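1. generate coordinates for the sequence data below:
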Amino acid sequence: MPEHDEDIAAISQHGYQMLRENRIEEAEDSFRKVLEKEPTNSYALVGLGDAARKRDDYQSAIGHYGLCLESDPDNTYALFGLADSHKSLKHYTQAIAAWERYLRQDDTNVTVLTRVADVYRKTKVHDRSRELYQQVLQLETDNPYALIGLGHLHFDFKEYDRALEYWKRMHEIDQDKVDIRVLTSIGNCYRKLKRFKDGLPYYEDALERERGNFYALFGLADCYRGLNDPEKSLRFWNQILEADPTNKVILTRAGDAHRVMGELDRAEACYEKALNIEFDVYAVLGIALINRRRGAPEEAIRSLTTLMEREPRNPRVYQELAQAYLQMDQRDDALAVLKEFKKTGIHNSYVDELLARIELN
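-> Residues are numbered from 1 along each chain as shown. Predicted coordinates for the structure are as follows:
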């Protein structure tokens, strides 16, 4: 090897060693020295790109990788770095283009395959995403990233049973070390399937591993809500509120639990807190239901009529307004409200049942 080449190789190796030790400025100095001697040196250009990525300066990284690819268009390290930089900037179209170029050189790299599949999933190119995840599983059975990705892919399509197959496989592989997000994802599938009892153990396991985990607490609260156990549900809503007292959604859920338990003053306080943060349709509905239970349906009618103007396609608003009219023996008004909803063209079984029941009487 000529002395010139030996010198460049030594400086490059030093640069990559500095990069591994996170001594980024020293690494960049080495790579620039190489480029002074050889302006199109691929190792140095990729090295500068990698250093920029470590500094989260993805735009600069893209520039370095691009220069490398001008003289060395098939350089897989540059293509990988270029794709990863674009992905970090959420430039998904450019990231995909770079990764597809990479796969033309090497279609057996499971890391790249899963990353491309992830981006295709995020950009809704589902068939290509599924194809790549399956390709990963052929190369590496039970690859965790492919299993998780396929779970998300099926979950996005509301194919919850299929999503469960992949996420539960992750759980079977290593129950002790499985990611908490897998546990809560399994729980979420069971919630969507309304199999609330089946979801509970996974949320409980997640909560044991990470005290205060929002998704585990939310899942447990919502499962108990689905099981018509407002007392247990409230326990978990309140734990979320201890950490996040201005969470509007959780305040309305806590209000619902208090209301179902007959604790109307506490329920109203939760709904009012939610409304003080921001308008919330369910908080308004909750207060209307409280007014009906307190024997003040006219108050409920007043708020629900205003809400109907704001939420003209929400069947629950029409349903509760009709019930308030019935409480005041105003059958014709109740019928008019429900028929008004039918004009929207939205089908709702609860509205249809109430309308049929009123018409029969």
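2. okay, now the closest residue to residue 157 other than its chain neighbours: neighbour count?
-> Closest residue in space to residue 157, ignoring its immediate chain neighbours: residue 126 at 7.5 Å, by CB to CB, 6 or more residues apart in numbering. In short, each C-beta sits where N, CA and C put it, glycine included. Residue 126: 14 surrounding residues under other CB atoms under 10 Å.
3. need the pLDDT of residue 126.
-> With respect to pLDDT, residue 126 scores 92.
4. then residue 2?
-> If you check residue 2, the pLDDT there is 45.
5. and if you look at residue 79?
-> pLDDT, residue 79: 97.
6. domain map for this structure?
-> Taking automatic domain parsing as the criterion, the chain consists of the domains 1-106, 107-178, 185-244.
7. which stretch among those approaches residue 319 most closely?
-> domain 185-244 (19.1 Å; CB to CB).
8. quick one: end-to-end distance for that closest one.
-> End-to-end distance for domain 185-244: 22 Å, by CA to CA, to the nearest Å.
9. average model confidence for it?
-> 97.
10. repeat that for stretch 83-97.
-> The average pLDDT within stretch 83-97 is 95.
11. list the buried ones in that stretch?
-> For stretch 83-97, the buried set under the neighbour-count rule, 16 or more other CB atoms under 10 Å, comprises 83, 84, 85, 86, 87, 91, 92, 95, 96.
12. quick check: the farthest pair among these?
-> Maximum pairwise distance among the buried residues of stretch 83-97 (CB to CB): 13.2 Å, between 85 and 96.
13. where's residue 204 relative to residue 291, distance?
-> Using CB to CB, to the nearest Å, residue 204 is found at 37 Å from residue 291.
14. which one of these two has more residues nearby?
-> Using other CB under 10 Å as the criterion, residue 204 and residue 291 rank with residue 291 on top: 22 against 16.
15. so what's the more buried one up against?
-> By CB atoms under 8 Å, 6 or more residues apart in numbering, the contact list for residue 291 reads 297, 299, 300, 303.
16. next up, the contacts around the closest residue to the last one other than its chain neighbours.
-> With CB to CB, 6+ apart as the criterion, residue 303 has its nearest non-adjacent residue at 5.2 Å, and that residue is residue 288. Contact partners of residue 288, counting by CB under 8 Å, 6+ apart, are 299, 300, 303, 304, 307, 320, 324.
17. which of those residues lies closest to residue 214?
-> For these, the nearest to residue 214 is residue 307 (28.9 Å; CB to CB).
18. what's the strand or helix carrying residue 66 packed up against?
-> Of the helices and strands defined by DSSP states H and E, residue 66 is found in helix 58-71. Counting contacts by 3 or more CB pairs under 8 Å, 6 or more residues apart in numbering; DSSP states H and E, helix 58-71 packs against helix 42-54, helix 76-88.
19. now those in TSV, with distance to residue 256?
-> What follows is the helices and strands packed on helix 58-71, written out as TSV (distance: least, CB to CB, whole Å):
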stretch	distance to residue 256
helix 42-54	47
helix 76-88	40
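20. which of the ones you listed sits closest to residue 149?
-> Short answer: helix 76-88, nearest of the helices and strands packed on helix 58-71 by CB to CB, at 14.3 Å.
21. name the spans of the stretch 251-361 of the chain whose pLDDT lies under the cut-off.
-> The model of the stretch 251-361 of the chain has no residue with pLDDT under 70.
22. can you map out the helices along it?
-> Ranges of helices in the stretch 251-361 of the chain, per DSSP state H, counting those that start in this stretch, are 264-277, 281-293, 297-310, 315-327, 331-342, 349-360.
23. go through the buried residues of stretch 83-97 and say which is closest to residue 355.
-> Nearest to residue 355 among the buried residues of stretch 83-97 is residue 92, at 46.6 Å by CB to CB.
24. thought that closest one was touching residue 116?
-> No. Using CB atoms under 8 Å, residue 92 is not in contact with residue 116; the gap is 10.4 Å.
25. rewinding a little: so which of the helices and strands packed on helix 58-71 comes closest to residue 345?
-> helix 76-88 (41.4 Å).
26. hey, what's the angle from the closest one to helix 42-54? Just curious.
-> Relative orientation of helix 76-88 versus helix 42-54 (axes from the mean of the first three to the mean of the last three CA atoms, to 10 degrees): 20 degrees.
27. helices and strands around helix 76-88, which ones?
-> For helix 76-88, the elements it packs on are helix 42-54, helix 58-71, helix 92-105, helix 110-122, judged by 3+ CB pairs under 8 Å, 6+ apart.
28. quick check: angle from the third one to helix 76-88?
-> Right, the one you point to is helix 92-105. 160 degrees.
29. give me the contacts around helix 92-105.
-> 74, 76, 79-80, 82-84, 86-87, 109, 112-113, 115-116, 119-120, 122-123.
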